[in-house]
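Novice: for reference, the sequence and a predicted model appear below.
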Amino acid sequence: MLDSAEFLTPAQIVAELDKYIIGQHEAKRHVAIALRNRWRRLRAAPDMREEIVPNNILMIGSTGVGKTEIARRLASISGAPFTKVEASKFTEVGYVGRDVESMVRDLVEQSVNMVKQRRKEEVKVQAAQVVEELILDILIPPVTAAGSGKPAQPALGFPTTAAGDLPDSDHELNERTRERFREKIRNGEMDERKIEIQVQQGGSGGIGVIGGGPGGMDEASMAGIQDMLGSMLPKKTRKRKVTVAEARKILLDEEAAKLIDMDEVKDEAVRHAENAGIIFIDEIDKVASRSGKGGGGPDVSREGVQRDLLPIVEGSAVNTKYGIVHTDHILFIAAGAFHVAKPSDLIPELQGRFPIRVELQSLSKDDFYKILKDPKNALTKQYEALLRAEEVELTFEDEALERLAEIAFEVNNEVENIGARRLHTVMSRLLNDILFDVPDRIGPNARILIDRALVEERLRDMVRNRDLSQYIL
């Protein structure tokens, strides 16, 4: 738990975030401190550990400035379960729609998948040995009961030697054949051979539970009963004809699942979610009551959602199909543009649960240039990788990147500010013709240079439309 962050200081966490996110240094500092504080809490004196609560963060900034990306990368750095929800999708208790507790259930589901995957990796070698034997049993069945005097018929239809001509026992001959095929399987020589395997049927069939909604059972209770009923029924299997390579993947997953203790997985996943989980609540401004509005209409519903959020963020016990989850030490990061409403329009109790308030800066022309050039996942590097798959070399001149950044910045200022997402629009407009022509008109080993002149030529319409937009009502 939080092992990947054990040796990362706040400065190192910021350095990791810098690899993917340009600017926003204040926001990065705050989330780095919050992450390191979680590691510190787990190593604090036991009598103080439960008293230390996370400082939840409220990010304020326009769309496309990096709010979601900061939270997502933070979870990746820490190896923590992470879920992103939109506050505007929630409805007050008693109304049709998602209830706020569903975000905690989503987080635990993520945590279970993470722990299960890690446990499967731990038993992968052992499971691979079992799978190898299963495939061998299909290709070369073992000799039947001792003393029968009859060797098993190989599944591949190889001719058998007459019993009187056997130099060794049937068992020894069979074992030598199996060892030969074991080597062939390991070398990949049998990967395309078709075999028939038994696979488990997914899902719980037609099991249904009547209830749910106001006055009925909640989602977690219904899911728990469905799981229990499903586990009481015998596992259904069906035959599939697949290649040895496909069989290895299918059977490896099934055998690895058999080797892990799901009760231990659930217990660890719940602890992991409680102590390391991160919930990112986007569009929090959409549930804020508008300044100066009366207390009626949609504002009542918005305030209802805020009041439902409050106990979750403050710390409460939520029932999930994996057990009770306490939210006291989950880190909540809320974000919103707050163009219409203001942070002070949130109910005071909810404001108090987000003591760290950070404003993200609008992206400058220089930021756009750096976003195109520096991050590990920069758009230019993504397009270069896509065309490299076609054996086409794509390169960008610095002047071209500067002009792309300038166009994106100006369009944002004069049309609508969508932050760094504008770069996706600009790059798509620039490269779509090239992407279409490869490989039919532009073949392998071609070299394509994107210079300023090409940018001007391809994006001329976008610039012209931007100039006209000010006259359109």
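Specialist: Looks like it arrived, so ask away. What you see is a predicted model, and the numbers here were worked out from it, not measured in a lab.
Novice: so residue 30 belongs to a helix, correct?
Specialist: Yes - Residue 30 forms part of a helix when assessed by DSSP: H, G, I helix; E, B strand; the rest coil.
Novice: what about it, distance to residue 110?
Specialist: 23 Å (CB to CB, to the nearest Å). Quick note: C-beta positions are derived from backbone N, CA and C, even for glycine.
Novice: quick check, pLDDT for residue 34.
Specialist: Looking at residue 34, its pLDDT is 93.
Novice: residue 352 too?
Specialist: 94.
Novice: what is the burial count for it?
Specialist: Number of residues near residue 352 (other CB atoms under 10 Å) recorded here: 13.
Novice: ok, now residue 35?
Specialist: By other CB under 10 Å, neighbour count at residue 35 equals 24.
Novice: what's the helix or strand for it?
Specialist: Element membership for residue 35, per DSSP states H and E: helix 25-42.
Novice: ok now the helix or strand following that helix, how far from the chain's centre?
Specialist: Sequence-wise, the next helix or strand downstream of helix 25-42 (DSSP H and E) is helix 46-49. Here helix 46-49 is found 33 Å from its chain centre; the criterion is CA atoms, centre = their mean, to the nearest Å.
Novice: remind me what the longest helix along the chain packs against, helices and strands.
Specialist: Using DSSP state H to define each element, the chain has its longest helix at helix 102-122. Applying 3 or more CB pairs under 8 Å, 6 or more residues apart in numbering; DSSP states H and E, one finds that helix 102-122 makes contact with strand 82-86, helix 219-232, helix 244-259, helix 262-276, strand 278-282, strand 317-320, strand 323-326.
Novice: deepest-packed of the ones you listed, please.
Specialist: Comparing the helices and strands packed on helix 102-122 by mean neighbour count (mean count of other CB atoms under 10 Å), strand 278-282 comes out on top with a mean of 25.
Novice: so it versus helix 25-42, what angle?
Specialist: 150 degrees (axes from the mean of the first three to the mean of the last three CA atoms, to 10 degrees).
Novice: any idea of the mean pLDDT in strand 278-282?
Specialist: Mean predicted lDDT for strand 278-282 stands at 95.
Novice: list the contacts of that strand.
Specialist: 67-68, 71-72, 74-75, 78, 80-87, 103-104, 107, 309, 330-336 (CB atoms under 8 Å, 6 or more residues apart in numbering).
Novice: list the neighbouring strands of that strand plus their orientation.
Specialist: strand 82-86 (parallel), strand 331-336 (parallel) (DSSP bridges).
Novice: to residue 192, which of those lies closest?
Specialist: Of all the strands paired with strand 278-282, strand 82-86 sits nearest to residue 192, with 39.5 Å by CB to CB.
Novice: circling back: with distance to residue 62 and mean pLDDT added, can I get the strands paired with strand 278-282 in CSV?
Specialist: Converted to CSV, the strands paired with strand 278-282 look like this (distance: least, CB to CB, whole Å; pLDDT from 0 to 100):
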stretch, distance to residue 62, mean pLDDT
strand 82-86, 16, 94
strand 331-336, 10, 95
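Novice: quick one: these as CSV, columns for distance to residue 407 too.
Specialist: Output for those, formatted as CSV (distance: least, CB to CB, whole Å):
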stretch, distance to residue 407
strand 82-86, 30
strand 331-336, 27
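Novice: wait, which of these is closest to residue 46?
Specialist: Per CB to CB, nearest to residue 46 of the strands paired with strand 278-282: strand 331-336, 20.9 Å.
Novice: the contacts of strand 278-282, buried ones only, as a ChimeraX selection?
Specialist: This is how ChimeraX selects the buried members of the contacts of strand 278-282, with burial counted by 16 or more other CB atoms under 10 Å:
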select :67,68,71,72,74,75,78,80,81,82,83,84,85,87,103,104,107,309,330,331,332,333,334,335,336
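Novice: okay, the longest helix of the chain in PDB with CA atoms only?
Specialist: Below are the C-alpha coordinates for helix 102-122, written out as PDB (Å, rounded to 0.1, in the frame of the first residue of the first chain):
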ATOM      1  CA  SER A 102     -22.000   4.900  -5.800                       C
ATOM      2  CA  MET A 103     -18.700   6.800  -6.100                       C
ATOM      3  CA  VAL A 104     -17.400   4.800  -3.100                       C
ATOM      4  CA  ARG A 105     -18.700   1.600  -4.500                       C
ATOM      5  CA  ASP A 106     -16.900   2.400  -7.800                       C
ATOM      6  CA  LEU A 107     -13.700   3.100  -5.900                       C
ATOM      7  CA  VAL A 108     -13.800  -0.200  -4.100                       C
ATOM      8  CA  GLU A 109     -14.500  -2.000  -7.400                       C
ATOM      9  CA  GLN A 110     -11.300  -0.400  -8.800                       C
ATOM     10  CA  SER A 111      -9.400  -1.500  -5.600                       C
ATOM     11  CA  VAL A 112     -10.600  -5.100  -5.900                       C
ATOM     12  CA  ASN A 113      -9.500  -5.200  -9.600                       C
ATOM     13  CA  MET A 114      -6.100  -3.800  -8.700                       C
ATOM     14  CA  VAL A 115      -5.500  -6.200  -5.800                       C
ATOM     15  CA  LYS A 116      -6.800  -9.200  -7.800                       C
ATOM     16  CA  GLN A 117      -4.500  -8.400 -10.700                       C
ATOM     17  CA  ARG A 118      -1.500  -8.100  -8.400                       C
ATOM     18  CA  ARG A 119      -2.300 -11.400  -6.700                       C
ATOM     19  CA  LYS A 120      -2.700 -13.000 -10.200                       C
ATOM     20  CA  GLU A 121       0.800 -11.800 -11.100                       C
ATOM     21  CA  GLU A 122       2.200 -13.300  -7.900                       C
END
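Novice: low-confidence regions, the stretch 51-200 of the chain specifically.
Specialist: The stretch 51-200 of the chain contains residues with pLDDT under 70 at 92-97, 143-169.
Novice: do a quick rundown of the strands in it.
Specialist: Ranges of strands in the stretch 51-200 of the chain, per DSSP state E, counting those that start in this stretch, are 57-60, 82-86, 194-200.
Novice: dump those to CSV, plus distance to residue 321.
Specialist: Below are the strands of the stretch 51-200 of the chain laid out as CSV (distance: least, CB to CB, whole Å):
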stretch, distance to residue 321
strand 57-60, 29
strand 82-86, 16
strand 194-200, 20
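Novice: right, and those - which one's nearest residue 257?
Specialist: Of all these, strand 194-200 sits nearest to residue 257, with 9.2 Å by CB to CB.
Novice: packing partners of that closest one?
Specialist: helix 124-139, strand 237-243, helix 244-259.
Novice: residues contacting the closest residue to residue 420 other than its chain neighbours?
Specialist: Excluding its sequence neighbours, the residue lying closest to residue 420 (CB to CB, 6 or more residues apart in numbering) is residue 64, at 4.8 Å. By CB under 8 Å, 6+ apart, the contact list for residue 64 reads 363, 417, 418, 419, 420, 421, 422.
Novice: now the fourth one: closest residue in space, sequence neighbours ignored.
Specialist: So the one you mean is residue 419. residue 64 (1.9 Å).
Novice: count the neighbours of residue 142 for me.
Specialist: Residue 142 has 13 nearby residues by other CB under 10 Å.
Novice: distance of it relative to residue 171?
Specialist: Residue 142 sits at a distance of 8 Å from residue 171 (criterion: CB to CB).
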